[in-house]
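**Q** could you work out the structure for the sequence below:
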Amino acid sequence: MPKRDLCPREMGPVLTSPMRKIIHNPVRITKPYLANGMTAMDIGCAMGFFTLPMSALVGETGKVIAVDLQQGMIDGLKMRAEKAGCNNITTHVCDISSLNARQWDGTVDFALLFFMLHEVPDADRMIKELRLALKPGGILLFVEPKPHVGKEKFLKSRKMIEQCGFVVIDEPKIRISLATAFRKE
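**A** Numbering: from 1, shown residues only. Below you'll find the predicted structure:
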């Protein structure tokens, strides 16, 4: 996949705009799946719109692993996290073909894929790598933009996730989105 298809670094401040919370409140979306002390992974974290609120939800004894393909997005996230006093965030730059996250295999309680799986050239591989990272019973929340992805493509991705060893546990209602929560079996 050409890099031009990715959300550019220049969009980072737009993605973290407080106005975005009107449509996609990160606490409301992730709180049902997070608790104090958990390890969460935010894949395609950009500048941390979900990462920072997730950091507060898992608390000082928890951890958030923020994963993105673009170093510029990670750098922006680090600045925002430092300013917010979030000390439980670990950043990780992946590459276009792999999460390269084997160091977290079997340690993650919750993973978030928000508006990004459609940008991944090998989604099947990513889901299999994510499955390795999740603990048994770990939760994956998969959300895609309804107008951009469409129901047919979303359902195809959802089926692929199920075939990788996940079971549907919830279909949360998220504005202008298609969403499914899964549990690792």
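**Q** use CA for all of it now, contacts and neighbours both
**A** Fine.
**Q** spatially central, which residue of the chain would that be?
**A** Nearest to the geometric centre of the chain sits Leu112, at 2.9 Å (CA atoms, centre = their mean).
**Q** quickly list the domain ranges of this structure.
**A** For the chain, the structural domains run 44-93, 100-178, going by automatic domain parsing.
**Q** how about the helices in the protein?
**A** Counting by DSSP state H, the segments of the chain that form helices are 12-15, 26-30, 51-58, 71-84, 123-133, 146-149, 151-163.
**Q** wait, doesn't His24 sit right on Ile174?
**A** Yes. Applying CA atoms under 8 Å as the test, His24 and Ile174 come out as touching, 7.2 Å apart.
**Q** that older thread, got CSV for the domains of the chain, with distance to Tyr33 too?
**A** Below are the domains of the chain laid out as CSV (distance: least, CA to CA, whole Å):
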stretch, distance to Tyr33
domain 44-93, 10
domain 100-178, 7
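**Q** which one of these is the most hemmed in?
**A** Of all these, domain 44-93 carries the top mean neighbour count, a mean of 20, counting by mean count of other CA atoms under 10 Å.
**Q** rounded mean pLDDT for that domain, please.
**A** Rounded to a whole number, the mean pLDDT of domain 44-93 is 96.
**Q** dump the residue contacts of Glu144.
**A** Contact criterion CA atoms under 8 Å, 6 or more residues apart in numbering gives 114-118, 154, 177-179 as the residues in contact with Glu144.
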